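[1] Based on what follows, work out the 3D shape:
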Amino acid sequence: MKSIVMNTDGTNQTRLTNNTVPDYAPDWSPDGNKIVFESNREDGKWNGNFEIYVMNADGSNPSRLTNNTVFDEHPAWSPDGSKIAFHSRDTGEIYVMNADGSNPTNISNHPADDALPAWSPDGSKIAFGTNRDVNYEIYTMNADGSDVTRITNDTAYDNRPAWAE
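    Numbering: from 1, shown residues only. Down below sits the predicted model:
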């Protein structure tokens, strides 16, 4: 699989990665110098174990940030670029780590599947989808995991939150 960047009109396509396995869920660092993403490139299998990686914006110097026995996925940079939030299937919870991969900390601490973290523009909150109430709903919490609040209540599947700038 390959990852490509391009202008918004589709011109100037530039290949960043070229693997036999997928690289997914890219997210640009706020300063535009790095891209965090998920990949199973270490074991080279389509059904392998996805981990969080970071690379320079030109695709150079990819490095692995997480190393768990189950998928780590859906990475998201904090607005100041110092942290990365992600979902770990190890516990089904949201973790935040330093941008260099150090100090991964479980911030959602709940037995439900808390996933798809999205930082608020000011970095004070994280929105996420969860099945805490059986049906997936959108919740928010402070960036440290405190003050968890349900913000949707729908019979439909609510997930993959995004903040307006």
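[2] Need the contact partners of whichever helix or strand M55 is part of.
    Here M55 sits within strand 51-56, counting by DSSP states H and E. Applying C-beta atoms under 8 Å, 6 or more residues apart in numbering, the contact partners of strand 51-56 are 16-17, 23, 33-42, 61-68, 71-73, 75, 84, 86, 99, 101. Where C-beta positions appear, they are placed from N, C-alpha and C, glycine not excepted.
[3] and if you look at stretch 94-108?
    29, 34, 52, 54, 63-66, 72, 77-78, 81-88, 91, 93, 114-115, 117, 126, 128, 130, 141, 143-145, 148.
[4] What mean pLDDT does it get?
    Per-residue pLDDT values over stretch 94-108 give a mean of 96.
[5] Stretch 24-34 too?
    Averaging pLDDT along stretch 24-34 yields 94.
[6] Equivalent analysis for stretch 66-78, please.
    91.
[7] Go ahead and measure how far that stretch is from the middle of the chain.
    In terms of C-alpha atoms, centre = their mean, to the nearest Å, the centre of stretch 66-78 is set 6 Å apart from its chain centre.
[8] Against R15, how distant is P79?
    Separation of P79 from R15 (C-beta to C-beta, to the nearest Å) stands at 28 Å.
[9] returning to what we had before: average pLDDT for the strand holding M55?
    pLDDT averaged over strand 51-56 gives 94.
[10] ditto for stretch 132-147
    Per-residue pLDDT values over stretch 132-147 give a mean of 94.
[11] same deal with stretch 155-163?
    On average, stretch 155-163 scores 90.
[12] Can you tell me what sits against that stretch?
    So stretch 155-163 is contacted by 115-116, 118-121, 127-129, 135-138, 152 (C-beta under 8 Å, 6+ apart).
[13] Give me the buried subset of these.
    Among those, those classed as buried by neighbour count (16 or more other C-beta atoms under 10 Å) are A115, L116, A118, W119, S120, A127, F128, G129, Y136, E137, I138.
[14] circling back to that earlier point, what's the lowest-pLDDT member of the contacts of stretch 155-163?
    N135 (88).
[15] For that residue, which residues are in contact?
    Contact analysis of N135 by C-beta under 8 Å, 6+ apart lists D154, T155, A156, Y157, D158.
[16] Assign a three-state SS to the fourth one, would you?
    Translated: Y157. At Y157, secondary structure determined by DSSP: H, G, I helix; E, B strand; the rest coil is coil.
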